[in-house]
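[1] Need coordinates for the following:
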Amino acid sequence: MLQENSIKLSSSYAVASKVKDYSQLMKFNLTFMVVFSSVVAYLLVPGVEFDLIKVLLLFAGGLLVSGSANTINQIWEKNTDKLMARTATRPLPSGRMSETEAIIVAAVTGVAGFLIMGYCFNWLSAALSLFSLVMYGFVYTPWKKWNSLAVLVGGIPGAMPLLIGWAAGANNLSEGGWSLFAIQFLWQFPHFWAIAWIAHKDYTRAGFKLLPANGEPNKFTALQAVMYTLLLIPAGVAPYLLKITGGISAIVAILAGLFFLYRAINLYRKNDVPAARKLMFGSYIYLTIVQLAQLLDKA
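    This next block holds a predicted model:
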């Protein structure tokens, strides 16, 4: 009996450990936030009503495609992940998972997500999902070692969930979808530069070039962050001007934009890691508040 219980416990631990590894490989925490953006865009399409089954299918398709892209990213970066403290314990660099297994996971999840988007929504959203996966996994990921334009390149797949969600609901790429895309595209610059500032030593050790100009965390980098957060203020009002959302969400977007801008100016003034960390957390606060306000204030 004791031996049987021991075997059961061992099996349960093995299953839990494997689930945890797949979660790390596909970056489910990050992916959830990405897919939430897609659902928001889908629900903002004029004429689209909340349908739990459709929302769950969109979540599933998005999680699978994003998970596949993140898996491809980690396959590419298996060796550089060993050099950074925060990534060294991931399944591939730690040796808990083989590269072959990761390739199978990426292929299965990518194909499954693509088919869900195509059959349950439309093939435009499926094509955009595939484009986003290729851009992130095969263009942005290797570009990170070439130059800081990687942030610009990565901003495209990073904002694609909004276009994918819009296309899933509208089956077109009208100005409404592009206005939502623009907000998340601009948002990514101060967001990723704040992260790159905080993790500068690790990124330098791994050979990643994500900060502008000479790649150093300095006043110029902070000024760039200020410029993009400033651009977010008019961009945040665009959905209201296009009659996608109401006036309340526009006011919220302006106030959230001013808060985000203040955090960026604070980084320019203090030029240190604590200020960069505040900007990073401020970016999460901005995006969450703005997207919830848009969802609750749909025109």
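
[2] Please make it C-alpha for all contacts and neighbour counts, starting now.
    Fine.

[3] next one: stretch 137-146 to chain centre, how far?
    Offset of stretch 137-146 from its chain centre (C-alpha atoms, centre = their mean, to the nearest Å): 15 Å.

[4] what do you get for stretch 15-32?
    Chain-centre distance of stretch 15-32: 15 Å, with C-alpha atoms, centre = their mean.

[5] Buried ones in it, by neighbour count?
    For stretch 15-32, the neighbour count (16 or more other C-alpha atoms under 10 Å) marks 21-22, 24-28, 31-32 as buried.

[6] Number of residues surrounding residue 299?
    Residue 299 has 17 neighbours, counted by other C-alpha atoms under 10 Å.

[7] Against residue 252, how distant is it?
    15 Å (C-alpha to C-alpha, to the nearest Å).

[8] per-domain residue ranges of this structure.
    Split into domains by the TED database, the chain comes to 15-141, 173-298.

[9] can you give me how far the first one is from the chain middle?
    Spelled out, that is domain 15-141. Computed by C-alpha atoms, centre = their mean, the chain-centroid distance of domain 15-141 equals 10 Å.

[10] For the residue nearest in space to the middle of the chain, which non-adjacent residue is spatially closest?
    Closest residue to the average C-alpha location of the chain: residue 34 at 4.6 Å, with C-alpha atoms, centre = their mean. Nearest residue to residue 34 in three dimensions, chain neighbours excluded: residue 161, at 6.6 Å (C-alpha to C-alpha, 6 or more residues apart in numbering).

[11] which helices and strands does the helix or strand hosting the one you found pack with?
    In the assignment (DSSP states H and E), residue 161 maps to helix 150-170. Counting contacts by 3 or more C-alpha pairs under 8 Å, 6 or more residues apart in numbering; DSSP states H and E, helix 150-170 packs against helix 28-44, helix 123-134, helix 175-198.

[12] could you give the angle of that helix to helix 175-198?
    Here helix 150-170 runs at an angle of 150 degrees relative to helix 175-198 (axes from the mean of the first three to the mean of the last three C-alpha atoms, to 10 degrees).

[13] and the angle from helix 150-170 to helix 28-44?
    Going by the same axes, to 10 degrees, helix 150-170 makes 50 degrees with helix 28-44.

[14] What does the pLDDT read for residue 270?
    You'll see residue 270 listed with a pLDDT of 95.

[15] returning to what we had before: to residue 101, which of the helices and strands packed on helix 150-170 lies closest?
    Comparing the helices and strands packed on helix 150-170 by their distance to residue 101 (C-alpha to C-alpha), the top pick is helix 28-44, with 17.8 Å.

[16] Who are the packing partners of the following helix or strand past the closest one?
    Next helix or strand after helix 28-44 toward the C-terminus (DSSP H and E): helix 52-76. Helix 52-76 sits against helix 2-26, helix 28-44, helix 99-120, helix 123-134, helix 141-143, with contacts defined as 3+ C-alpha pairs under 8 Å, 6+ apart.
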